[in-house]
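Novice: only the shape, not the letters, is given here:
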């Protein structure tokens, strides 16, 4: 399973990448990854028109998009769109960070899952 990653390069500029989560066959229940240690789950709702200018992530975390669509721009100028079902691994916790804006006229729901190091 592939996740989109937002991280800082050696110069401290945020950029996109990919992380492959290995899944193993567990029979009738399907393919599962190894457990990832996490701290909690945060439920989030953003109102329509949400836009958050340049900011680093507050912590290393997974973001699971439940509905709506967003556009994220990283420090290297790349822009990608994410929507329901997408999962991001956000690790750009220092520097300029990234910016986010909602692309739909509706409220947006997501889960934040802070990871333990």
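Specialist: Nice, I can see it. Small disclaimer: the values here were computed from a predicted structure and weren't measured. Residues are numbered from 1 along each chain as shown.
Novice: from now on I want contacts and neighbour counts done on CA atoms only, so please keep to that.
Specialist: Noted.
Novice: show the contacting residues for the residue sitting nearest the centre point of the chain.
Specialist: Centroid check for the chain by Cα atoms, centre = their mean gives residue 88 as the closest residue, at 2.6 Å. If you count contacts by Cα atoms under 8 Å, 6 or more residues apart in numbering, residue 88 has them with 3-6, 62-64.
Novice: so which strand or helix has it?
Specialist: strand 87-90 (DSSP states H and E).
Novice: mind checking the pLDDT average for that strand?
Specialist: Predicted confidence along strand 87-90 averages 98 (mean pLDDT).
Novice: partner strands of the next helix or strand after it, parallel or antiparallel?
Specialist: For strand 87-90, the succeeding helix or strand toward the C-terminus, using DSSP H and E, is strand 98-102. Based on DSSP bridges, the strands next to strand 98-102 in the sheet, each with its direction, are strand 51-55 (antiparallel), strand 69-74 (antiparallel).
Novice: and for the first one, what's in contact with it?
Specialist: When contacts are defined by Cα under 8 Å, 6+ apart, strand 51-55 is touched by residues 96-102.
Novice: can you list the strands that the helix or strand following that strand pairs with?
Specialist: On the C-terminal side of strand 51-55, the nearest following helix or strand under DSSP H and E is strand 61-65. Strand pairing for strand 61-65, determined by DSSP bridges: strand 87-90 (antiparallel), strand 108-114 (antiparallel).
Novice: nearest to residue 57, out of those?
Specialist: Taking Cα to Cα as the measure, those were each checked against residue 57, and strand 87-90 came out nearest at 6.7 Å.
Novice: which of the contacts of residue 88 tops the neighbour count?
Specialist: Highest neighbour count within the contacts of residue 88, by other Cα atoms under 10 Å: residue 6, with 25 neighbours.
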